[in-house]
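Trainee: With the input below, show me the fold.
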Amino acid sequence: MAKKSLKKGIFITFEGPEGCGKSTHSKLAAELLRKEGFDVVHTREPGGTGVGKRIRDILLNFKNITISPLTELLLFEASRAELIREIIKPALAKKKIVISDRFNDATLVYQGYAGGVRLQEIKRIESVSIGKVKPDLTVLLDIKPEAGLKKIGIFLRDRMESKHIAFHKKVRKGYLDLARRNRRRIKVIRTKDTVDATFKDVKKEVLNVVRRYKRPG
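Mentor: Numbers count the residues shown, from 1 in each chain. Just a heads-up that it's a prediction; the model follows:
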């Protein structure tokens, strides 16, 4: 199958509380678009680069160390800056579709709404770390914290997932607030009982944004 062309690169991000299925659905979306004939790059945060993988290890796997929300913020932004430089910008410049499992909305929510770092301070740092890079579509998979964490299980949780339930309730509230403020970009999809049922809604939003920038023919 010949590769389908786009008018511009498309950036799609997946967000949501822990256990919402964003990793699963971001991969399914990438597979769908590849089958449709598009050139797709799938990545994740933190991670996606050599530097990002090291930072991910610090942020998520070291449960026995305390990291302040401000330090978390700076580490996430460092990982994000490298991801943009190495992966996102080059792919978008070649008019590819980039799908990322989390992006800067996660920082606004986890370190801002839930962690207490002022949103204006986060945005000030992001003006340097991400510049003008912004998603064309953000799929927000919504699930109640109790249900999401139950899916993960106590013994499989990383450092962020192991935070108190009150923290995760603030995360969900923060995401929904961002969605209300960014209705055109952020599409809220309530998770269903099955992956297929949820992905039906995800597929609709993903194909809508791709059609907007697809070249005819």
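Trainee: What ranges does this protein have for its strands?
Mentor: For the chain, the strands identified by DSSP state E occupy 10-15, 40-44, 97-101, 137-142, 186-190, in order along the chain.
Trainee: Now distance to residue 210 and mean pLDDT too, for these, in CSV please.
Mentor: For glycine as for every other residue, the C-beta is placed from the backbone atoms N, C-alpha and C. Converted to CSV, the strands of the chain look like this (distance: least, CB to CB, whole Å; pLDDT from 0 to 100):
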stretch, distance to residue 210, mean pLDDT
strand 10-15, 6, 98
strand 40-44, 10, 98
strand 97-101, 7, 98
strand 137-142, 9, 98
strand 186-190, 14, 98
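Trainee: To residue 68, which of those lies closest?
Mentor: Proximity to residue 68 (CB to CB) singles out strand 10-15 among those, at 22.7 Å.
Trainee: The closest one - contacts with which helices or strands?
Mentor: Applying 3 or more CB pairs under 8 Å, 6 or more residues apart in numbering; DSSP states H and E, we find strand 10-15 packed against helix 22-35, strand 97-101, helix 104-107, strand 137-142, helix 195-213.
Trainee: Check which residues of the first one are buried.
Mentor: Meaning helix 22-35. Neighbour counts over helix 22-35 (16 or more other CB atoms under 10 Å) mark 22, 24, 25, 26, 28, 29, 30, 32, 33 as buried.
Trainee: So, low pLDDT: which residues of this structure?
Mentor: In the predicted model of the chain, residues 1-2, 62-63, 154-156, 217 satisfy pLDDT under 70.
Trainee: Distance of the nearest residue to residue 199 once chain neighbours are set aside relative to residue 103?
Mentor: The shortest distance from residue 199 to any residue that is not its chain neighbour, by CB to CB, 6 or more residues apart in numbering, is 5.4 Å, and that residue is residue 28. Between residue 28 and residue 103 the distance, using CB to CB, to the nearest Å, works out to 18 Å.
Trainee: What of residue 7?
Mentor: Taking CB to CB as the criterion, residue 7 is separated from residue 103 by 22 Å.
Trainee: So if I had to pick from these two, which one is more boxed in?
Mentor: In this view residue 7 and residue 103 are compared by other CB atoms under 10 Å, and residue 103 has more residues nearby, 26 against 11.
Trainee: How much space separates the residue lying closest to the more buried one once chain neighbours are set aside from residue 93?
Mentor: Across the structure, with CB to CB, 6+ apart as the measure, the residue nearest residue 103 apart from its sequence neighbours is residue 13 (4.2 Å). In this structure, residue 13 lies at 18 Å from residue 93, with CB to CB as the measure.
Trainee: Just want to know which of those two has more residues nearby.
Mentor: Between residue 13 and residue 93, residue 13 has the larger neighbour count (other CB under 10 Å), namely 25 against 10.
Trainee: give me the number of residues near the nearest residue to residue 158 once chain neighbours are set aside?
Mentor: Taking CB to CB, 6+ apart as the measure, residue 158 lies nearest to residue 60, with 4.1 Å between them; neighbours along the chain are not counted. Applying the criterion other CB under 10 Å, we find 16 residues in the vicinity of residue 60.
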